[in-house]
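*Asks:* missing the sequence, but the structure's below:
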């Protein structure tokens, strides 16, 4: 149980376009979902926290107008990278928190974004 | 504030020998602690977690970790390394108050044949 999926697993786009990444909890309802960014050979950095039906909370230094997060249901959160530029190229990973296991987050497999 | 320090950026071991990955944490409150493993271009897999129960925690694939409050440590060990253990390992701390995770910088493990 507690499986989280991401789609797409990788995406290549042109500079200036927008890209949407989906994060789904497949077998549980996720009260909270998190979005992380990971640069090559570095650790994960939390970008934002989203709760179903409310606005996402962004970490300091993360542009909320550039990284749009929508948590429309208890099983789906989306991250849209707007007007992407090469410096947005990264590995984006989502996680979801299952209510009964408060401190544990279940991670998706990640999405590799390359902006040309 | 909470933070995690992984004391070794890279650990190299021979197959069949013990592995030790060191982690120290800083937290004002009783934390939950985790070890995750990440293989290249993959997501994170939970190895084990400490959530204020037994201080010696056994995880998957033969890994275990011991929570030592007096030393603020949560070191990860495995008695005998396997080639498949080559990966990136992250020590992670969480406070129940906001459920956010703070990641250590990671330790790269290489296993020599």
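*Replies:* Cool, got the structure. This is a predicted model, so every value here is computed, not measured.
*Asks:* got the residues of chain B near chain A?
*Replies:* Selection of chain B residues close to chain A by Cβ under 8 Å from any Cβ of the partner chain yields B:32, B:34, B:36, B:41-46, B:49, B:51, B:90, B:94, B:96, B:99-101, B:103-106. In this view, the C-beta of every residue, glycine as well, is placed from N, C-alpha and C.
*Asks:* Please indicate which of the residues you listed are buried?
*Replies:* Buried members of the residues of chain B next to chain A, scored by 16 or more other Cβ atoms under 10 Å in any protein chain shown, are B:32, B:34, B:36, B:43-44, B:46, B:49, B:51, B:90, B:94, B:99-101, B:103-104, B:106.
*Asks:* where's the dip in pLDDT among those?
*Replies:* Within those, residue B:99 has the lowest pLDDT, namely 76.
*Asks:* Select the helix or strand of chain A having the lowest average pLDDT value.
*Replies:* strand A:105-107 (a mean of 89; mean pLDDT, DSSP states H and E).
*Asks:* Give me the packing partners of it, helices and strands only.
*Replies:* In terms of contacts (3 or more Cβ pairs under 8 Å, 6 or more residues apart in numbering or on different chains; DSSP states H and E), strand A:105-107 is packed against strand A:90-98.
*Asks:* Provide the strand pairings for the strand it packs on, with the direction of each partner.
*Replies:* strand A:30-38 (antiparallel), strand A:105-107 (antiparallel), strand A:111-115 (antiparallel) (DSSP bridges).
*Asks:* Next, count neighbours for residue 53.
*Replies:* In the absence of a named chain, this looks at chain A. 9 (other Cβ atoms under 10 Å in any protein chain shown).
*Asks:* Not quite, go with chain B.
*Replies:* 8.
*Asks:* how far away is it from residue B:32?
*Replies:* In this view, residue B:53 and residue B:32 are 10 Å apart by Cβ to Cβ, to the nearest Å.
*Asks:* Nice, that's everything, thank you.
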